[in-house]
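Asker: Have a look; sequence and predicted model below, questions after that.
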Amino acid sequence: MQKIKLKRFSDETAISLRKANYTIDYENLLNPAQYEAVSAEEGSYLIIAGAGTGKTRTLVYRLAHLIESGYDPKSVLLLTFTRKSAKEMVNRASLLLDDRCDGINGGTFHSFANITLRRYASTLGLANSFTILDQGDSEDVVNLLKNQNKVVSATKRFPLKATLIKIFSLSVNTGRTIEDIVIKQFPHFMEELDRIVQLQTAYTAYKYKNNLLDYDDMLVFLNRFLHEPTPAAKALLDSVKFLMVDEYQDTNFLQSEITRGLAQSNHNVMVVGDDAQSIYAFRGANFENIMQFPKLFPGTKIIKLEENYRSTPEILNFTNRVYEGAVQKYEKLLFSRKDSGELPAIIAAPNVEYQAKFIVERVLDLREEGIPLDEIAVLFRSSFYSFDVEIELQKANIPFIKVGGIRFIETAHVKDILAFLRIALNPKDVISWYRILLLHEGIGPKTAQKILHALENGQINLERDPEKSKEGLITEKLFPLFKLIFTLHKKQLRPIEMAELVIEYYTPIFMDKYYDDYKKRKKDIDTILNMIQKYEKLDTMLSDMAIEPPLDSVTELGEEDKQDEFLTLSTIHSAKGLEWHTIFIIHAVDGFFPSARAAESLETMEEERRLMYVAATRAKKNLYVIYPMNIFDRESGTTLSKPSRFLSNVTPDLAEGFLLEQ
């Protein structure tokens, strides 16, 4: 009888046996860095996933790999920032492997909080029937308490309900005090600080008394639950064998604490993100979270995904150089095995009009070359920078959609100004009359209707100077308005002269109506005055300004389009995660991109650099960065501008320079 031999069973042997049973050939389907991340199991891992490096693919394969390795799907928790992305990853893992992946727990921080709090509400002093307040509900509660508690001074300005909720939310999500938030972001409300704090206390008490939770409370209570040593918390933490967090660079203080709390039992946590794409500080996201993760979890292994599957080597060389100047970062170098393409272009335009004209001409050329419109995007730092481009696209009948922010022409304050000018052109424009009448204190819908009726039946005659008119409805309060309309309608003025008269009249109303953020909105008014400056005829100007919502106003470029192909105009924030064949980055001017306010702090300037990086890495084949050399400023007139400082280290071997000739 042959003697049975005993062989020591090592970890390597176990891994080899498992590999032999895998149905997916992970090692050959992934690049080395991706495979290292996918095959990682116990321990803490930070995956630095550069733009276009297959982050989602890596997460999907890791989900499948864990299940194939024999772990219970219910012991895997995947947290993302949208339910759609969590569902997509779990579904893709199921298609890749089998239905076992359906058992993986995936969702957003808030959806996971909701499920957990419903189950363990009693341990937190909550009833599991709590009601969740959305933002509108929260604002209404604050407004109610503001009136009930009489915290508003009759003689001083007080924040609007939406601003109060923003202050409260920032405080909760960043771990900063109300005082710190107000000092740094709302200094004009410092005199009301005590009342704001008083109102927050009342708001918190009201919610607790009435079994209400707002979105922020869900994270607050979840975090408290995870860090309190109760049997219920221990049971939950023991059940989470593997934690995965996507887009970790976008987490705030509270979400970082929740991540730490969830991993404190099994210590198996993998977060995926890119420090170079942390651009949401205005929402409370904390760049330091991804930088400090290895300190939060000692022994963390950092794996870098650097092979890009989106862009040409030339575009990556450009973006690597742009981000090279970052002060605090993880060192990485994006590269691509794609065929070489054209160098990015840095284009100096004489002014914003030429910037817009160049884009239109190049878009039409690309269309002739067979590049679909939906493979082209114009990206910008702030929404109102695209106004000239919108006008030129409309003139050229190029269909487009705009993403991010409110379309310039639809902002309330711009519509207010245009309403005055429309009445100057057409005194029978009832819609515009109704709008501007309601701007005035003491004029409600009923009074406005009476005035409109008087205008319609001739009781109020706009052909007569109100100085000589005795109409009873033209009260002392409304006399300046009718005097303005008479002047605009009867005098032979250029559009810019009319607009300046309107702005002079509208400014006190504007500051009163939009007190909380009038400084931001004022930029739009400066922009529209700059646009009107070039028009000689009011009707031409208003026709150009009257841009309908894109889906209703676009003109087909050809029969084959069938109105389903549109150029994209987008803020950079809204473009993150997307890609196009050709990208135009506009207004790459110091003071605009980076913004003038960015110079106030290193953190803000660094985020502006990351915005440039995100914008450039959206491009697959063509990248155009454009800066107008002359910017018209209302106070100083036309001024010479400098290209964005983020381009200063870009050498001729990385990007070609061009000058648009007038």
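Answerer: Arrived safely, thanks for sending.
Asker: next one: phi and psi at Asn105?
Answerer: For Asn105, the backbone dihedrals (degrees, to the nearest 10) come out as phi -80, psi 110.
Asker: Is it bridged to anything, and to what?
Answerer: Under DSSP bridges, the beta-bridge partners of Asn105 are Leu77.
Asker: Just checking, which helix or strand of this protein averages the lowest pLDDT?
Answerer: Here the helix or strand of the chain ranked lowest by mean pLDDT, DSSP states H and E is helix 550-553, holding a mean of 26.
Asker: any idea which helix or strand comes after that one?
Answerer: Per DSSP states H and E, the first helix or strand lying C-terminal to helix 550-553 is strand 567-571.
Asker: packing partners for that next one?
Answerer: For strand 567-571, the elements it packs on are strand 376-380, helix 387-395, strand 400-403, judged by 3 or more C-beta pairs under 8 Å, 6 or more residues apart in numbering; DSSP states H and E. C-beta: built from backbone N, CA, C; applies to glycine.
Asker: what are the ranges of the strands in the stretch 551-662 of the chain?
Answerer: Along the stretch 551-662 of the chain, counting by DSSP state E, counting those that start in this stretch, strands occupy 567-571, 580-585, 619-628, 630-633, 637-640, 656-659.
Asker: among those, which gets the worst mean confidence?
Answerer: Here the lowest mean pLDDT among the strands of the stretch 551-662 of the chain goes to strand 637-640, at a mean of 58.
Asker: Beta-bridge partners for Leu213, please?
Answerer: Ile132.
Asker: From here on, call the first residue 52.
Answerer: Shifting the count to begin at 52 puts that one at Leu264.
Asker: Neighbours of it, how many?
Answerer: Leu264 has 21 neighbouring residues, counting by other C-beta atoms under 10 Å.
Asker: contacting residues for it?
Answerer: Contact analysis of Leu264 by C-beta atoms under 8 Å, 6 or more residues apart in numbering lists Leu168, Leu177, Phe181, Thr182, Ile183, Leu184, Lys258, Phe272.
Asker: ditto for Pro679
Answerer: Contacts of Pro679 (C-beta under 8 Å, 6+ apart): Ala400, Pro401, Asn402, Val403, Tyr405, Gln406, His638, Val640, Ser692.
Asker: Most neighbours among these, please name it.
Answerer: Gln406 (26 neighbours).
Asker: Run a quick check on that one versus Tyr436, I expect a contact.
Answerer: No. Between Gln406 and Tyr436 there is no contact, the gap being 9.6 Å when judged by C-beta atoms under 8 Å.
Asker: joint contacts of these two?
Answerer: Shared contacts of Gln406 and Tyr436 (C-beta under 8 Å, 6+ apart): Ile637, His638.
Asker: one step back: from the helices and strands packed on strand 618-622, which stretch is densest packed?
Answerer: Highest mean neighbour count among the helices and strands packed on strand 618-622 (mean count of other C-beta atoms under 10 Å): strand 427-431, with a mean of 26.
Asker: buried ones in stretch 391-410?
Answerer: Residues of stretch 391-410 classed as buried: 392, 394-400, 402-410 (neighbour count, 16 or more other C-beta atoms under 10 Å).
Asker: Repeat that for stretch 532-551.
Answerer: For stretch 532-551, the neighbour count (16+ other C-beta under 10 Å) marks 532-533, 535-540, 544, 546-547, 549-550 as buried.
Asker: In the stretch 552-701 of the chain, where is pLDDT below threshold?
Answerer: Scanning the stretch 552-701 of the chain with the threshold set as pLDDT under 70 gives 566, 568-571, 591, 594-615, 683-691.
Asker: Apply 90 and report the result again.
Answerer: 554-616, 625, 628, 642-643, 646-652, 681-693 (pLDDT under 90).
Asker: The stretch 402-551 of the chain now?
Answerer: 403, 433-439, 442, 445-446, 452-551.
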